[in-house]
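Colleague: sequence unavailable; structure follows:
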Ligand SMILES: Nc1ncnc2c1ncn2[C@@H]1O[C@H](COP(=O)(O)OP(=O)(O)OP(=O)(O)O)[C@@H](O)[C@H]1O
């Protein structure tokens, strides 16, 4: 079954899928309440990689994520879009517990990765983050050589016994990140001397090197020029054969180019999720339509 089929068939079966007429009203947009916990479109998948139910995130007393339920399919690329401050990054960071480092942050609900509780008290967070890697907005290579940046994860996770095994992991990861040909003759050069686009692909290679199952990307191209952006987008499409990819982006064009499904967030709610082409050509919710037509955000 393809990614799209697994999503569609699950959505057809799921009683929480809300008919369009229940949520699109004639009320003025600014008066229109978002129905808490109700997401239009196709939020569910058969045999999901992530099964997320009734997720709420609080910063102190403030509720930043409001009763969100969503499946993320295996080998799917899903984009999170929405106005600034709507909770995209907060929700993304729940998927590998990056929010743990924020003292005032509290996560409620059920968050499952392959049917295992991400927030279980005995969960090994280091192992979780190896399975669910992350690429950040600003390329953040270590001030080490290109080789050592990629070898860092495999070394601390004990993935290579011999130097030749480590060499293979470094080469394969750099190849998958589309960087090998550019750096193979200067693996000992310091990574911080690379261009921004190369640094970001190095960070992708670093994430790939520990054999993750999922890669989370938080605005991975926002610091890159259009050529470097195109390379990373090409890479995302290639990587979707091997990984599940979740990407937060402010660029609707980017979401349209790279993702199978697009999820629209608004003030901590997940308003609509659907096949990307549907979200951009026939959004079901008025708030999604307002955002994609540039009326706010
Ligand atoms: N560390 C934090 N402490 C307190 N509040 C936070 C923290 N991080 C985010 N928030 C709040 O949570 C809400 C959601 O923020 P978040 O960064 O997840 O939104 P976003 O959609 O990713 O925004 P942007 O597109 O601007 O990056 C906002 O109201 C924000 O102020």
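Modeller: Done, it's in. Just so we're clear, the structure is a prediction, and the values are computed from it rather than from any experiment. Numbers count the residues shown, from 1 in each chain.

Colleague: so where do the strands sit in the stretch 151-297 of the chain?
Modeller: In the stretch 151-297 of the chain, the strands defined using DSSP state E, counting those that start in this stretch lie at 214-218, 244-248, 261-266, 269-275.

Colleague: do the last one and the ligand come into contact?
Modeller: By that I understand strand 269-275. No - with Cβ under 6 Å from any ligand atom as the criterion, the ligand is not reached by strand 269-275; the gap is at least 11.6 Å. In this view, the C-beta of every residue, glycine as well, is placed from N, C-alpha and C.

Colleague: start at 12 instead
Modeller: Happy to do that; since the first residue is 12 now, the last one works out to strand 280-286.

Colleague: tell me the strands beside that strand, with direction?
Modeller: If you go by DSSP bridges, strand 280-286 pairs up with strand 51-52 (parallel), strand 272-277 (antiparallel).

Colleague: avg pLDDT for it?
Modeller: Across strand 280-286, the average pLDDT comes to 97.

Colleague: for that strand, which outside residues touch it?
Modeller: 15, 18, 45, 47, 50-54, 77-81, 89, 93, 102, 271-276, 290, 294-296, 298-299 (Cβ atoms under 8 Å, 6 or more residues apart in numbering).

Colleague: returning to what we had before: so of the strands paired with strand 280-286, which one's packed in deepest?
Modeller: Among the strands paired with strand 280-286, ranked by average contacts under mean count of other Cβ atoms under 10 Å, first place goes to strand 272-277 (a mean of 27).

Colleague: how far away is residue 246 from residue 75?
Modeller: Using Cβ to Cβ, to the nearest Å, residue 246 is found at 30 Å from residue 75.

Colleague: and the two? which has more neighbours close in?
Modeller: The neighbour count for residue 246 versus residue 75, taken as other Cβ atoms under 10 Å, is higher for residue 246 (21 against 18).

Colleague: look up the closest residue to the more buried one, ignoring the ones flanking it.
Modeller: residue 189 (5.4 Å; Cβ to Cβ, 6 or more residues apart in numbering).

Colleague: contact partners for that neighbour?
Modeller: 212, 242, 245, 246, 249.

Colleague: what's the most buried one of the strands of the stretch 162-308 of the chain?
Modeller: For the strands of the stretch 162-308 of the chain, the largest average neighbour count (mean count of other Cβ under 10 Å) is found in strand 272-277, namely a mean of 27.

Colleague: report all helices and strands that whatever helix or strand residue 69 lives in contacts.
Modeller: Following DSSP states H and E, one finds residue 69 within strand 59-70. On a contact count with 3 or more Cβ pairs under 8 Å, 6 or more residues apart in numbering; DSSP states H and E, strand 59-70 meets strand 73-84, helix 99-105, strand 116-124.

Colleague: so which bits of the chain are right by the ligand?
Modeller: Residues of the chain lying close to the ligand (Cβ under 6 Å from any ligand atom) are 70, 75, 93, 95, 96, 97, 98, 99, 100, 101, 113.

Colleague: give me the residue at the spatial middle of the chain.
Modeller: Nearest residue to the geometric centre of the chain (Cα atoms, centre = their mean): residue 257, 2.0 Å.

Colleague: can you name the residues that contact that one?
Modeller: The contact partners of residue 257, taken as Cβ under 8 Å, 6+ apart, are 83, 88, 89, 91, 103, 106, 225, 226, 227, 228.

Colleague: swap the cut-off to 6 Å and go again
Modeller: Shown in contact with residue 257 (Cβ atoms under 6 Å, 6 or more residues apart in numbering): 89, 227.

Colleague: how about the helices in the protein?
Modeller: 14-24, 31-34, 99-105, 136-142, 157-167, 174-187, 191-194, 207-219, 237-250, 263-269, 287-292, 297-303 (DSSP state H).

Colleague: picking up where we left off before, could I get the strands paired with strand 280-286 in JSON lines, plus columns for mean pLDDT?
Modeller: JSON lines is the format used below for the strands paired with strand 280-286 (pLDDT from 0 to 100):
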{"stretch": "strand 51-52", "mean pLDDT": "96"}
{"stretch": "strand 272-277", "mean pLDDT": "98"}
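
Colleague: mind putting these in TSV, distance to residue 205 included?
Modeller: Below are these laid out as TSV (distance: least, Cβ to Cβ, whole Å):
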stretch	distance to residue 205
strand 51-52	40
strand 272-277	31
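
Colleague: out of those, which is closest to residue 170?
Modeller: Ranking the strands paired with strand 280-286 by proximity to residue 170 (Cβ to Cβ) places strand 272-277 first, at 31.7 Å.
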